[in-house]
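[1] Here is my input, please return the structure:
(chains A and B)
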Protein chains: 2
Amino acid sequence: MTTEPKRKPSRTARPASPHETKNDTNGQDAAPGRLSRRRLLTTAGTAGAVGLAAGAPAGALAHSAATGDDGPALTALGSTAVPFHGTHQPGITTPAQAHAHLAAFDLAPGAGRREAAALLRRWSGLAAELMAGGTPEADTGVARDAGPASLSVTIGLGHGFFDATGLTGARPAALDPLPAFSADVLDEGRSNGHLWLQIGADDALVAFHALRALHRAAGETATLRWQMTGFNRTPGATARPMTTRNLMGQVDGTNNPAPGDEDFERHVFVPEGGDPAWMAGGSYVVFRRIRMLLDAWEARPLAEQERVMGRRKSDGAPLTGERETDPVDLAAVGPDGRGVIAANAHVRVTAPETNGGATMLRRSFSYHDGFRDDGAPDAGLLFLCWQADPLRAFVPVQRKLDRGDALSEFVRHEASGLFAVPGGAREGEYVGQALVEGY
Amino acid sequence: MTTEPKRKPSRTARPASPHETKNDTNGQDAAPGRLSRRRLLTTAGTAGAVGLAAGAPAGALAHSAATGDDGPALTALGSTAVPFHGTHQPGITTPAQAHAHLAAFDLAPGAGRREAAALLRRWSGLAAELMAGGTPEADTGVARDAGPASLSVTIGLGHGFFDATGLTGARPAALDPLPAFSADVLDEGRSNGHLWLQIGADDALVAFHALRALHRAAGETATLRWQMTGFNRTPGATARPMTTRNLMGQVDGTNNPAPGDEDFERHVFVPEGGDPAWMAGGSYVVFRRIRMLLDAWEARPLAEQERVMGRRKSDGAPLTGERETDPVDLAAVGPDGRGVIAANAHVRVTAPETNGGATMLRRSFSYHDGFRDDGAPDAGLLFLCWQADPLRAFVPVQRKLDRGDALSEFVRHEASGLFAVPGGAREGEYVGQALVEGY
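    Down below sits the predicted model:
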C-alpha cells in the first residue's frame, strides 16, 4: 500500500509451481504478464457450454512465460470454470470450494415483482459472465488476471420474497418457517431474508470480487441483510479421499449422497411436474450457522469425543468398523455388554435406519470470525443441506438431534435460513424466470 | 454436521486434479486414505533441515491411491514445507501465503521473564513441529491429513513486553511508539500488544489449526489481545507474474525489494553486531489495518483512479510507461503541459527519489470482515512492512503520505502495531532466547 522504493521486480511472490496444467493448448500466444482476460472468457465460456458436468476443467488456460523460474503458474485450481446454465443451478453438486460467501438481501420498500425480476435477470447475467472468467463493465478489477477458480453463484428465494412481490400464491409449502428447536439461540438479523446468494471459489479474491459485483448489482432494489464467509480445504492441500474435516477435527461428509446414486435426483431436486411447477429442477437449502464450543470440546479426552460421534477421530471409521466408509453397526455390543455406539452418539441419532431414510446433501463450509468478547473463538460450521423437501429431510433429523444428540452440548445454532433455489437457467434465460414471469 | 443418511462414499468432494506433484518419490507405501502423518513429518523435517530456502517443496509427498479418478491429489500447494530454523524467522521472505492470521497477546499479570521465556520456547517448538507437518500431542486434529501447505509462524515482541518482563533496558529504540499521523483513527484494543504472531498457510484449515494450537499453548501466561484474518491469491489461481491485487483492484507489490537485491539484507534485517545485539538477524515489522472506502473508490471513474495511483489499473504500469516494472518517470510532461504523474499521486509520494531511498519489504494480506453497521464493507489491507529500522523506512514514508497522498481520501488506518521480530532460532534453540536468557 505504501511505498514503492525500488525498481526491481519482486521475487516475494509465489514460487514456480512444480506442476502445470496438462491441457495447455491455448497458451501459445499469451505474452508474459499479459494473460488475456478475453481469451479466458472465450475459453471458459466454451467449456461451460460444452461440458455440463460441474467442475470440469475449462481446458486450455494460458501459461504465460511467467511459468518459468520465478513466476506463478496457473493450474487447474485457477482455470476450472463451472457452467452457470443447466438443469440445476451451480453450487449444489459442484464440489465445495475453498472459499464461500453467503449473503441475504431484502427487497427495498417499493421494490415489487418487476424490480425483483430485473434483479434476478441482472444477477443471472453477471453470474454467468463471472463464472466464465469474464470481466463485466465498470468492474472493480479485483479478479483481473485470475482464472474463474471454480466460481459458482447460486440464487435462492426466501419466504418473505413472495409477499414482497405479490407472489404469495406461488410460495411453496416447503418454505413454511422451520419449527423452533429447543437448542436454538437464533439471531433473526443474521437469519432468513428475501433473496439469498451462495458464492464459492477456490480463490479468495475471486470470491470477494463476485460478492462485491453482485452486491453492487442489487442497486436500489435490495439491501444486504447479512453476509458470512466460510472456507474448506484448498485443493491440493490433502490427498485424503472424499471428505473434509470440520473445526472440531472430525472427518465430515462421510456417507453424503452423490450424483449418480440411486434416488439422488429424487432426494435433492424437485422433479419436472413437481409442485410448484416453477421449482422444477430446483432444490431447497437449509442453512444453519452452528457455533462450535471448541474450548469445551477440546477439553474432552479423545475417547469421549469418539463416543460422542460414534466414529474414530483419526480416520472417521465407525467405532464398529475399520474404514471410514464401513457401515455403522448400531447393534454391535462390546466386551462390557454395552452397545459400541452409544445411545446418543451423533452417528446413531442421524443414522438412516433411525430416520426413515431421510436424505439430504450436505455441502457446508467452516467459518471463523475471530474471537468473542468472552474469549472463545467465534468459529464453527456454516451448515448447508440440500433436499427436495425439507419437511422430509432436515426437519425430522434436526428434531431428533434436538432431543438427544450427544454433540448438542458442544454446538449452538445461532442463525438459520430456508430458501427455495429454483432450477438452473437455460442460455438466454435467468434464474426464477418461470416464477416472476409465469404467475 | 447433522445427518449420515447413506453408506455410499461421497463424490461431492474435490475432483481429481489434472496435475500431480512431480517429485513423487516417497509415495510408494502410502495406503489409500491412510496418508501417514509421521512420514510427512519425517519428509518435511528433512527438507527443512537441508534446504534453507524458504518455500522449498518438501519433496516427496505421498500420492495415495486416492489420486485416481475420484479423489483429490496432494500437490506442491499442500506438500511444501517452510523451514522454521535459520538465520531469519520464516514469514518475512517466505512468499506470502493465501491465508494469514495475525494475533497479539498480552502477558498475564504475574507472568514475568521466566514465564515469557517458557512461552517463547513452547511456541518455537510447536511452530517447528507444525511447519514440518507434524501433529503435536493432544492435537485438535483439524490439520490431520493435510500437508504443511507452506505454513509459517513468525514471533514478534511489542514495546510492552520489555516492561512486563523487567527487560526494559534491552528494549530497542526502534520500538519507540510510532508518531501519530493525522489520518489515523486507531483502535487501541486492536493495536500493539506484548507478543505478536503471524501465521501464514496456503490452506485455511492448516492456518486455523496453527492459530488454535499456538493460542492454547499460551496457557495462563498470555491472553489474546486481538486477532485478524487475511488472504491473498491462492497459488495456481493466476499466472500473473510477481505481484498480486488488493481489494481496490490495484496491482500491489510492484518494485518490492527482493532477497538477492543489493542491500536487501541491510534494509530488511538487523546485522550481526547491530544494536541491540540480541536482534541480530531480526527485523522490525510495522502493521497497519487499512480499511478501504470501497464505495467511494469504486464510484470514481477509471481515469481518476489511475491519476490517484499514477499507475494503470489493468496491468500496473506507470502512466509514463508500458510495463508494470518500467521505472516511473516523475518528470514526464503530457500534451497539456502538466506532469503525467500528478503531484499527489501515490506513486510519486512513495517514489524512492522523494524518500531518500527508504526501503521496506511489503508483505501484506487483504481482509474482509463482513459489513459494517453503515452498510460499507469492512475490508481492506492488513499492511505489513519489514525493515531493519522503522525510523528510516516506514515512518518517513508514512509521514509523507499523511501530508499529501491522493489515496488518503479512500483509506482509513484503523489499527497499528510495531514489533521487534528476533532472528531465527537455530536447531534446539528458540526465538528470543538471546534476549530472555542473555540479559
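[2] wait, doesn't A:A217 sit right on A:W123?
    Yes: in terms of C-beta atoms under 8 Å, A:A217 counts as a neighbour of A:W123; the distance is 6.1 Å. Where C-beta positions appear, they are placed from N, C-alpha and C, glycine not excepted.
[3] any weak-confidence spans in chain A?
    In the predicted model, chain A carries pLDDT under 70 at residues A:1-71, A:241-242.
[4] go with 50
    By pLDDT under 50, the low-scoring segments of chain A are A:1-69.
[5] just to revisit the earlier point, quick one, which of A:A217 and A:W123 is more surrounded?
    Just comparing A:A217 and A:W123: by other C-beta atoms under 10 Å in any protein chain shown the higher neighbour count belongs to A:W123, 23 against 16.
[6] what secondary structure does that one sit in?
    helix (DSSP: H, G, I helix; E, B strand; the rest coil).
[7] was I right about it contacting A:L157?
    No: between A:W123 and A:L157 there is no contact, the gap being 11.7 Å when judged by C-beta under 8 Å.
[8] and A:P109, how many residues sit next to it?
    Applying other C-beta under 10 Å, we find 7 residues neighbouring A:P109.
[9] Which helix or strand contains it?
    With the criterion set as DSSP states H and E, no secondary-structure element contains A:P109; it sits in neither a helix nor a strand.
[10] State the distance from it to chain B.
    When C-beta to the nearest C-beta, to the nearest Å is the yardstick, A:P109 and chain B sit 16 Å from each other.
[11] For that residue, grab phi and psi.
    Backbone geometry at A:P109, expressed as degrees, to the nearest 10, gives phi -60, psi 130.
[12] List the contacts of it.
    Residues counted as contacts of A:P109 (C-beta atoms under 8 Å, 6 or more residues apart in numbering or on different chains): none.
[13] Tell me which helix or strand the residue in the stretch 51-200 of chain A that chain B sits nearest to sits in.
    Across the stretch 51-200 of chain A, no residue is closer to chain B than A:G141, which sits at 2.8 Å (C-beta to the nearest C-beta). Under the criterion DSSP H and E, no helix or strand holds A:G141.
[14] give me the number of residues near it?
    A:G141 has 20 neighbours, counted by other C-beta under 10 Å.
[15] Okay, and the nearest residue to it once chain neighbours are set aside sits in which element?
    Counting by C-beta to C-beta, 6 or more residues apart in numbering or on different chains, B:G249 is the residue found nearest to A:G141 once chain neighbours are left out, at 2.8 Å. With the criterion set as DSSP H and E, no secondary-structure element contains B:G249; it sits in neither a helix nor a strand.
[16] Quick check, B:G249 in contact with A:A138.
    No: under the contact definition of C-beta under 8 Å, B:G249 does not touch A:A138, with a separation of 11.3 Å.
[17] where does the stretch 301-439 of chain A come near chain B, residue by residue?
    If contacts are counted using C-beta under 8 Å from any C-beta of the partner chain, the residues of the stretch 301-439 of chain A sitting beside chain B are A:313-315, A:323-325, A:327-328, A:347, A:350-352, A:355, A:357-364, A:366, A:368-371, A:375, A:377, A:379, A:381, A:383, A:385, A:393-394, A:397-398, A:401, A:411.
[18] If any of these are buried, put those into a ChimeraX selection.
    Isolation of the buried members of these (16 or more other C-beta atoms under 10 Å in any protein chain shown) is achieved in ChimeraX through the command below:
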select /A:313,314,315,324,325,328,347,350,351,352,355,358,359,360,361,362,363,364,366,368,369,370,371,377,379,381,383,385,393,394,397,398,401,411
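[19] Leaving out the residues flanking it, which one is nearest to A:P390?
    Leaving aside its sequence neighbours, A:P390 sits nearest to A:Y284 (C-beta to C-beta, 6+ apart; 5.0 Å).
[20] now for the helix or strand containing that neighbour, which elements pack on it?
    Using DSSP H and E, the secondary-structure element containing A:Y284 is strand A:283-292. Judged by 3 or more C-beta pairs under 8 Å, 6 or more residues apart in numbering or on different chains; DSSP states H and E, strand A:283-292 is in contact with strand A:195-201, strand A:377-387, strand A:411-421.
[21] looking at these, which is buried most?
    Most buried of the helices and strands packed on strand A:283-292, by mean neighbour count (mean count of other C-beta atoms under 10 Å in any protein chain shown): strand A:195-201, with a mean of 27.
[22] quick one: contacts for the residue of the stretch 51-200 of chain A closest to chain B?
    Taking C-beta under 8 Å, 6+ apart as the definition, contacts of A:G141 comprise A:135, B:245, B:248-250, B:313-314.
[23] let's go with 10 Å and repeat that
    Contact criterion C-beta atoms under 10 Å, 6 or more residues apart in numbering or on different chains gives A:135, A:209, B:245-251, B:298, B:302, B:305, B:313-314 as the residues in contact with A:G141.
[24] picking up where we left off before, identify whichever of the helices and strands packed on strand A:283-292 lies nearest to A:T168.
    Of all the helices and strands packed on strand A:283-292, it is strand A:411-421 that lies closest to A:T168, at 13.4 Å by C-beta to C-beta.
[25] So what sits opposite the residue nearest to A:P390 in the bridge?
    Beta-bridge pairing of A:Y284, defined through DSSP bridges, involves A:Q387, A:A420.
[26] you'd agree it is up against A:D176?
    No: under the criterion of C-beta atoms under 10 Å, A:Y284 lies out of contact with A:D176, with a separation of 11.0 Å.
[27] And the strands in the stretch 51-200 of chain A, which stretches?
    Residue ranges of the strands in the stretch 51-200 of chain A, as given by DSSP state E, counting those that start in this stretch, are A:99-107, A:152-157, A:195-201.
[28] Narrow the residues of the stretch 301-439 of chain A next to chain B to those in helices?
    Counted as lying in helices by DSSP state H, out of those, are A:347, A:394, A:397-398, A:401.
[29] Domains of chain A: list them as residue ranges, please.
    The record assigns chain A these domain ranges, following automatic domain parsing: A:40-74, A:78-241+A:260-310+A:345-436.
[30] Would you mind putting those domains into TSV with distance to B:M131 alongside?
    Listed next are these as TSV, based on distance: least, C-beta to C-beta, whole Å:
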stretch	distance to B:M131
domain A:40-74	22
domain A:78-241+A:260-310+A:345-436	15
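[31] so which of the ones you listed gets nearest B:A116?
    For the domains of chain A, distance to B:A116 was read as C-beta to C-beta. The smallest value, 20.3 Å, belongs to domain A:78-241+A:260-310+A:345-436.
[32] how about A:L224, secondary structure?
    With three-state DSSP as the basis, the three-state label of A:L224 is strand.
[33] Verify the contact between it and A:D106 for me.
    Yes: look at A:L224 against A:D106 with C-beta under 10 Å: they come within range, at 8.4 Å.
[34] Give the residues shared as contacts by A:W123 and A:L157.
    Residues touching both A:W123 and A:L157 by C-beta under 10 Å, 6+ apart: A:195, A:431-432.
[35] Among A:Y284 and A:D176, which residue is more densely surrounded?
    Of the pair A:Y284 and A:D176, A:Y284 is the one with more neighbours under other C-beta under 10 Å, namely 26 against 13.
[36] how about stretch A:122-139 as CSV, C-alpha atoms only?
    Included here for stretch A:122-139 are C-alpha records, laid out as CSV according to Å, rounded to 0.1, in the frame of the first residue of the first chain:
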residue,chain,number,x,y,z
ARG,A,122,-29.0,-8.9,-13.7
TRP,A,123,-27.7,-11.4,-11.2
SER,A,124,-28.0,-14.3,-13.6
GLY,A,125,-26.3,-12.4,-16.4
LEU,A,126,-23.5,-11.3,-14.1
ALA,A,127,-23.1,-14.8,-12.5
ALA,A,128,-22.8,-16.4,-15.9
GLU,A,129,-20.2,-13.8,-17.0
LEU,A,130,-18.1,-14.0,-13.8
MET,A,131,-18.2,-17.8,-13.7
ALA,A,132,-16.9,-18.0,-17.2
GLY,A,133,-14.0,-15.8,-16.1
GLY,A,134,-15.3,-12.6,-17.8
THR,A,135,-14.8,-9.0,-16.6
PRO,A,136,-18.0,-7.1,-16.5
GLU,A,137,-18.2,-3.4,-17.5
ALA,A,138,-17.2,-0.9,-14.7
ASP,A,139,-15.6,-3.8,-12.9
